[in-house]
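K.L.:
Attaching a predicted model along with its sequence, questions to come.
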Amino acid sequence: MGLIRRLRVTQPVMERAMLGVSLHDQIRNEKIRRRTRVTAIAQRVTKLNRQWARHIARKTDGRWGLKVLENAA
């Protein structure tokens, strides 16, 4: 969770830099997100994790990935 928290803080900073907007301009992060049309990093990480889990769950040849996934649940 610490990494996700840091990414959530860093993403608006990078989006502001992309648009050339400073904090003194007092533009909300939601408005900047709409202008850049970038998805939230936490949503993207969650989606990728679920895709990976589904991919590993389809494997039936006894690889260690499925065993790790089953033990983690």
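P.N.:
Thanks, I have the structure now.

K.L.:
who's in contact with the residue nearest to Ile4 when sequence neighbours are not counted?
P.N.:
Counting by C-beta to C-beta, 6 or more residues apart in numbering, Ile4 lies nearest to Ala42, which is 5.4 Å off, once chain neighbours are set aside. Placement of C-beta: from N, CA and C, glycine included. Residues in contact with Ala42 (C-beta atoms under 8 Å, 6 or more residues apart in numbering) are Ile4, Leu7, Arg8.

K.L.:
nearest to Ile56, of the residues you listed?
P.N.:
Here the nearest of these to Ile56, counting by C-beta to C-beta, is Ile4; it sits at 20.8 Å.

K.L.:
sorry, back to before: now the residue nearest to Ile4: which helix or strand?
P.N.:
Per DSSP states H and E: Ala42 is located in helix 41-58.

K.L.:
tell me the mean pLDDT for that helix?
P.N.:
Averaged over helix 41-58, pLDDT sits at 86.

K.L.:
From the chain's centroid, how far away is that helix?
P.N.:
The chain centroid and the centroid of helix 41-58 are separated by 10 Å under C-alpha atoms, centre = their mean, to the nearest Å.

K.L.:
Buried ones in that helix, by neighbour count?
P.N.:
Ile41, Ile56 (16 or more other C-beta atoms under 10 Å).
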